[in-house]
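> The following comprises the amino acid sequence and a computationally predicted model.
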Amino acid sequence: MADTQSVVSDVKLFLERLKKEMPEIFGPAAPSSSSQQTAAPVTGENKVLYNGDLAEARVYITPDQEEGVAFDGNVFHIYLQTKEGNPSALVTQWLRDKAAEVLPEKTKTWAEKIGVAYNRVVLKDQRTLWASCSAQKNINYSYRIIKMPPVVQDYLIIHELCHLVHMNHGAEYWQLVEQFSPDYKLHRRWLNDNKDAIFEEVHITVPPSGEE
Ligand SMILES: [Zn+2]
């Protein structure tokens, strides 16, 4: 059964090909459509990776309001007092705060399920490491973990907590991980495929109009 979506895109593709092969039947290309393809996108340019989703970010210049970031579940709203503000720094701080709020809580929950005791959670900005477990039983995380899908965040937490039982990556260790994160192999692949995006710095530009 043909679904409507693919029929529509097939038609579009067919028309595009026809335009290329027989441009005369379509007349001169409309300037608006050709410039649209080369010009930088006007909207949807600013994105924030959070919880595995690439969310839209909008910048507002609001001189009378305190600077800050509000996430409504879909869109990041970034409020600057002037156009010279630093929206990337504000969002980075928002992600750090969110990591500090969420990761210790999740770690506590998983530690109880697994039945292990840790000392404390330490948030770092590790550039090459997402997480680690110290001899003092501290669980260290890069705040950047918060950019990952929650299920991958859980896998990393479980990974570290299971090291409190097995300080190695032996077969018994992975059996324990699998018990609490059955799809851990998929999560490891996700991490491998997306590490560049996770370690990439937040980059938000202020729109020329000052508001969009
Ligand atoms: Zn490990």
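Everything's here; your move.
> For the residue at minimal distance from the centre of the chain, which non-adjacent residue is closest in space?
Centroid check for the chain by C-alpha atoms, centre = their mean gives Leu49 as the closest residue, at 2.5 Å. With sequence-adjacent residues excluded and distances taken as C-beta to C-beta, 6 or more residues apart in numbering, Leu49 is closest to Lys147, at 4.4 Å. Every C-beta, even on glycine, is put in place using the N, C-alpha and C of the backbone.
> likewise Arg120?
Closest to Arg120 by C-beta to C-beta, 6+ apart is Asn138, at 5.6 Å.
> distance of that neighbour from Ala117?
As judged by C-beta to C-beta, to the nearest Å, Asn138 and Ala117 stand 12 Å apart.
> Follow the chain on from whichever strand in the chain runs longest and name the next helix or strand.
Across the chain, the longest stretch assigned as strand under DSSP state E is strand 53-61. Heading C-terminal from strand 53-61, the first helix or strand you meet, by DSSP states H and E, is strand 68-71.
> For whatever helix or strand comes next after that next one, which strands pair with it and how are they oriented?
As assigned by DSSP H and E, the chain's next helix or strand after strand 68-71 is strand 75-80. Next to strand 75-80 in the sheet, as set by DSSP bridges, lie strand 53-61 (parallel), strand 68-71 (antiparallel).
> Now do the buried residues in strand 75-80.
By 16 or more other C-beta atoms under 10 Å, the buried positions in strand 75-80 come out as Phe76, Ile78, Tyr79, Leu80.
> Correct me if wrong: the second one contacts Ile61.
No - the criterion here is C-beta atoms under 8 Å, and Ile78 misses it with Ile61 at 10.0 Å.
> So Thr109, which state does it fall into?
helix (DSSP: H, G, I helix; E, B strand; the rest coil).
> mind listing what's buried in stretch 108-115?
Buried, per 16+ other C-beta under 10 Å, within stretch 108-115: Trp110, Ala111, Ile114.
> Give me the pLDDT for Ala135.
At Ala135, the model reports a pLDDT of 87.
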